[in-house]
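Enquirer: My questions concern the predicted model and sequence given below.
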Amino acid sequence: MSNFSDQLEEIKTLISSGTKANKSFAYSTLLHLQEQSSDSHGSIQTLAQSFQSLLHWIVADVHDEDEEIATQALKCLGFMIYHPSIHSTISADDVKSVLESLVKLITTTKMKSVCNLGVWCISIQQLSEALLAPHFHSLLRAVVHAIDNPIGSLSTTFEAIQAVVKLASLLSENMRDLSHIWAPPIYRRLLSFDKRERDMSERCLLKIRSTIIPPPINLSKVLVRDLKTKLLTGMHDMLTNGMKVQTIQAWGWFIHLLGSHALKNRHLINDMLKIPEKTFSDHDSQVQIATQVAWEGLIDALIHPPMLLPCETNAAKEDDGTQKMGSHKGNSGEIQKNGSLKSIRLIMTPLIGIMSSNCDLSVHLACLNTWCYLLHKLDTSLNDSLMINLVVKPIFEAVFQIDPDGKSFWARDLCINLLDDFISAKSKHLDYDPRNQVSQQLSAKTSMNVPFISGSSSWKQYPVKWLPWDLSLLDFHLKMIYSFIRQPSRRSVCHDNRVPADDASLRLFRAVLKGVELEFKKSSINYDDIMFCLNAILKFIKDICEEVSLDGSDRNGSHHISLQFMEAVSEEIEPTIVGSPLYKVALNIKNIENLQMIPDVGYEKLGVCSIGYMEMVSPMVYLSVLYFSVVVQSTLSTSKTDYILLGMQQYFKFMLASFRPPESLIIINELLYKHIGPSCLRMWIGITEGLKNYINDVKDFSSFKMDSESKSCFSMLMSYPLLVCSCTQKDIMSAMIGNPSEAPFSPQMKVELEQVVTLWKSLYGSICTSLSGSFTMGSFSEDLVSILDRCLDKYTSMLTCANKLDLNFKDLDLHLISLYADAFICILENSCSSELSSEGNTKHGCDYKISSGIKGCLTLAIRYVKLLQTKIGTDTPIGLRMISRVYSALAHFIRSLHLKQDIVSFFEMISCPLLEWLRHMEMQDESITDQFELVWTEMLNCLKRSQPPIIFDSAFLKLQASILEKTLDHSNLSISEPAINFWNSTYGEQMINLDYPQALLHVLDKLWRNGRINLHRRSLPLQRCQSRSEAITAPPRYTVNTTNNRGSKRVELVEDTIGSEHKEMPHSSLKRKRLELTEHQKEVRRAQRGRERDCGRHGMGIQTYTRLDFSQGNEDSQDGETIRNPECILQMLRNR
């Protein structure tokens, strides 16, 4: 270190010697020591201590006439005022000496290198602001002199410009105040043909931008003079020479530096605008991008927020203190100046043109960046409705029309994010009060309502301030979303780009609905505002759906997304608003105007309501009609049918849960009954799945209580697939035109019919189980049976016209007819476990008559079997399966019969069909035969278990005669054996001889002679006649048996024990009732007495052979036997 100090002392000696050689060597050595000491703290400290003694000589030598000594001295001086360890030790007086010396040197020297180094010292010095401020003006004068140095040295100009940057960083306010002095020599060089001058000037302006922008008025005035004298001409000259990019870059700086003063020089601005007018339309993308960047200068010049004055908005309080929001004319207030809107239009015109043109992606991005800068500059004034329409709307519309499959998806995403931020600002400011909006714009101290800032709203991250919007901007948001959805190029968009776009549009729409719902929750909102919102939302949905219908196909998934929009309304808006009868809207959906009910199905008997075009309906009905219309189109054309039907299922389940189920079902039925065709079965499947799931999930069924107008809504829904399937093939074919996938009978249709059957049975069971208390199940079943009967009539008449049938529909016919069978079999099976159960019938202690609905169902089953056997045939798999199932269901039903009246009534219905089925038995499949045998067996069993018991007398035998004639001696033992066993256990157990119908005589004679049947029970020998008193107490009954023995007439009285034989205990449910003969028993008894009195007038109990059926011989009678017990006969005659 001592060596370093010695060297410094030697340097001092050499410098002070005054000789040129010594000075040159001394400064050379000093520079070397400075370089070495820069990394050594001790050396620097030593050098700092020696600085005071060296400074005087150095300051003097910078003015040395010898260029070498002067330059070396300046280099040493520059190091000392740059290094922090040295310049911090310099006193104010020394600083004054140094700076004055440098100023004098720069302004007086004629040596280029010396001048450069002098300016260089100023540009690198690290002196404090306090030390520099007193010398600011002299320094600035020297720097300005160096910029336009008389030597014409470009390097000197460069160093001077660096000094400007240094002074601007240290003395910014001073530099700003005097910018009109030092800035002009810099910005004038922007029009230089020398690239180096242009570049150094632009770099300097970029570095000191914050100092001169916004520009001081004095600077703008100087620039105006320069523009008028030479700069404007210079720009045109550069354009003429093809320097378009350089020209527009200079133009951008000029317009920046004009600032607000530009508004006072409109003629000059108009002349300047001729420059970008040429470059905006240039085909070179680089020129266009440069123009976009330069256009930000015009934004700086013309946009000076806030642009609104305090005024009364549409949300301001009225005099009475209530808040009024009904005008919807916006909250813009009074525009501060008439020229503000003109300035906005001027700025936006080329931007809209660029975004609407087919430019390169880079140009579009540059344009969007400039646009975002405009949004940023507008600050909270951007939220004004007029500003939205002028600034935001045109760009959104232009961007949303760009092909999303191109690279411009960046531009689309930017606008989507901006719009999302704008819409979301509503829900992010729950405490927002529109009355404070203006004050917030005017006061930076407002902390309650901080605007929502879009942090990712542009390429350069310009923050955009969004305020919570009011209802005046609802139309804007909906129009922007609609513009995004209906992109002209959507049809050709690939799936990977379309799905994110659909998701984004749905996300935006839900955000809008959330904002509307917040408005609905305000107590200050009035009826007009609610109707305004509902009409706007429904119009938006309707426009989307009409766009879908115009498209025709669903290659782009429009049907699916439109349904999701409707689902969003139902989910986001309070159901009490959507379903309220207070808010009515016109049903202006064109699709419903030409819809008619399903023809020729008797829908007027079902009580189906009518929804007509332009009727006033609730928003819920409007949405449902629209939803249904889209589903109808989608199921005929879309590849997303499964997704749509799943959505439909969830939508209608939500609809049932949110509104009264009967009302919802009435609307659903109305819409269903206006559509026809196999594809409509898919809709019914979706709706019914939703209803079934809702019934299974709901615990309180009180909402299903129905009045007279809505009680049939369930039967209407259940009847729909039956009615659709009963339509003629002509109707079905017309519905399938244009859809080759639906051939007359396709595998898809078979699957759908199977789904319909399964779901129909499941829903019917759920209704019977869960909703039996909400309406009369008998009436419900009766309505369904009536519909089934009508469908079967229609189908039968269709089959009779065999020449009109298309053979291609044979499979379809069979599957449709199987649907009817599944329906009434389901009704029959559910009835067995409910209405006709013995427990349910005996609870009331009285007989139960089969309901008209079940009778109709049985009649339908009989007709159905006849149709299968005669018209369709049982040789097909479906025919075999259906007949077998019908027989099985009938057997199950018969098994549930216990009461006498039910059994007799059923037997009267089934007798004739049984005979018909017997005739077809030999031609039937073995599986059908087995089921028929089961029906026959169950039929005989139920006759025997009747309660109260059936009296198997002559009258009942007459009822059974025809069926017994065919079954007792049937060739199939499975038929004849049960019949014989039945006879022996019923008629064969009687103690009296019966009046056998003529048709049975041959069968009975054959079986009796073969010993297979008993005609009646064998009687015991008669006891002697009782005493008279006993006879009076219990008078016996007699019948007369006669035999023909060698032509003589013999009469025999046989005691009738029918009274004792048939006095069986009544059913347990009748124990408490007084024992008496039923009407049927009384009628049989009267018929017996009448026959006894009509036996040839021979008296009671006498019957001659002339009236005797000789097939009724008594096994106890023998030829030649005399009349037994004559005393009894005489006693009986006396009693008469």
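Expert: On my side now, so go ahead. Residues are numbered from 1 along each chain as shown.
Enquirer: Tally up the residues packed near residue 13, please.
Expert: Using other C-beta atoms under 10 Å, residue 13 has 11 neighbouring residues. Just so you know, the C-beta spots here come from the backbone N, C-alpha and C atoms, and that holds for glycine as well.
Enquirer: Now it: which helix or strand?
Expert: When secondary structure is defined by DSSP states H and E, residue 13 falls within helix 2-17.
Enquirer: what does that helix rub up against?
Expert: By C-beta atoms under 8 Å, 6 or more residues apart in numbering, the list of residues contacting helix 2-17 from outside reads 22-23, 25-27, 29-30, 33, 37, 43, 46-47, 50, 53-54, 57-58, 61.
Enquirer: Now, those that are in helices?
Expert: 22-23, 25-27, 29-30, 33, 37, 43, 46-47, 50, 53-54, 57-58, 61 (DSSP state H).
Enquirer: For those residues, which PyMOL command selects only the ones that are buried?
Expert: Selection of the buried residues among those in PyMOL, burial being defined by 16 or more other C-beta atoms under 10 Å:
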select buried, resi 23+25+26+27+29+30+33+37+43+46+47+50+54+57+58+61
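Enquirer: Sort out which residues of the helix holding residue 13 are buried, please.
Expert: Within helix 2-17, the residues scored as buried using 16+ other C-beta under 10 Å are 4, 7, 8, 11, 12, 14, 15.
Enquirer: can you check stretch 230-242 too?
Expert: Judged by neighbour count (16+ other C-beta under 10 Å), stretch 230-242 contains these buried residues: 231, 232, 234, 235, 238, 239.
Enquirer: quick one: that stretch to chain centroid distance?
Expert: In this view, stretch 230-242 has its centroid 60 Å away from the chain centroid, taken as C-alpha atoms, centre = their mean, to the nearest Å.
Enquirer: In which helix or strand does the residue nearest to residue 131 when sequence neighbours are not counted reside?
Expert: For residue 131, the nearest residue in space outside its immediate sequence neighbours is residue 95; the separation is 4.7 Å by C-beta to C-beta, 6 or more residues apart in numbering. For residue 95, the enclosing helix or strand under DSSP H and E is helix 92-108.
Enquirer: try residue 581
Expert: Residue 581 is part of no helix or strand, with elements assigned from DSSP H and E.
Enquirer: Find me the pLDDT at it, would you?
Expert: Per-residue confidence for residue 581 comes out at a pLDDT of 87.
Enquirer: Same question for residue 47.
Expert: Here the pLDDT value assigned to residue 47 is 83.
Enquirer: what ranges do the strands span in the chain?
Expert: With strands called from DSSP state E, the chain shows them at 452-454, 464-466, 585-586, 616-617, 1037-1045, 1048-1056.
Enquirer: Can you get me the centre-to-centre distance for the second one and its chain?
Expert: Think strand 464-466. Using C-alpha atoms, centre = their mean, the distance between the centre of strand 464-466 and that of its chain works out at 30 Å.
Enquirer: Quick check: can you name the pairing partners of it and their directions?
Expert: According to DSSP bridges, strand 464-466 has the following sheet partners: strand 452-454 (antiparallel).
Enquirer: Under the pLDDT cut-off, which ranges of the stretch 751-900 of the chain? List them.
Expert: Counting by pLDDT under 70, the stretch 751-900 of the chain shows low-confidence ranges at 771-778, 798-815, 832-853, 871-879.
Enquirer: hey, where'd the helices end up in it?
Expert: If DSSP state H, counting those that start in this stretch is used as the criterion, the helices of the stretch 751-900 of the chain fall at 777-800, 810-832, 838-842, 852-867, 877-895, 900-919.
Enquirer: Alpha carbons only: can I get the helix holding residue 95 in CSV?
Expert: What follows is helix 92-108 as a C-alpha-only set of coordinates in CSV (Å, rounded to 0.1, in the frame of the first residue of the first chain):
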residue,chain,number,x,y,z
ALA,A,92,-19.8,21.1,-3.0
ASP,A,93,-17.2,23.6,-4.0
ASP,A,94,-15.2,20.9,-5.7
VAL,A,95,-18.3,19.8,-7.5
LYS,A,96,-19.0,23.3,-8.6
SER,A,97,-15.4,23.6,-9.9
VAL,A,98,-15.7,20.3,-11.8
LEU,A,99,-19.1,21.0,-13.4
GLU,A,100,-18.2,24.6,-14.4
SER,A,101,-15.1,23.3,-16.0
LEU,A,102,-16.9,20.6,-17.9
VAL,A,103,-19.6,23.1,-19.1
LYS,A,104,-17.0,25.5,-20.3
LEU,A,105,-15.0,22.7,-22.0
ILE,A,106,-18.0,21.3,-23.9
THR,A,107,-19.2,24.7,-25.1
THR,A,108,-15.8,26.1,-26.1
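Enquirer: Averaged pLDDT, that helix. What do you get?
Expert: When pLDDT is averaged along helix 92-108, the result is 93.
Enquirer: Show me the contact partners of that helix.
Expert: Contacts of helix 92-108 with the rest of the structure, by C-beta under 8 Å, 6+ apart, involve 52, 55, 59, 62-63, 74, 77, 81, 90, 114-115, 118-119, 121-122, 127, 131-132, 134-135, 138-139, 141-143, 145-146.
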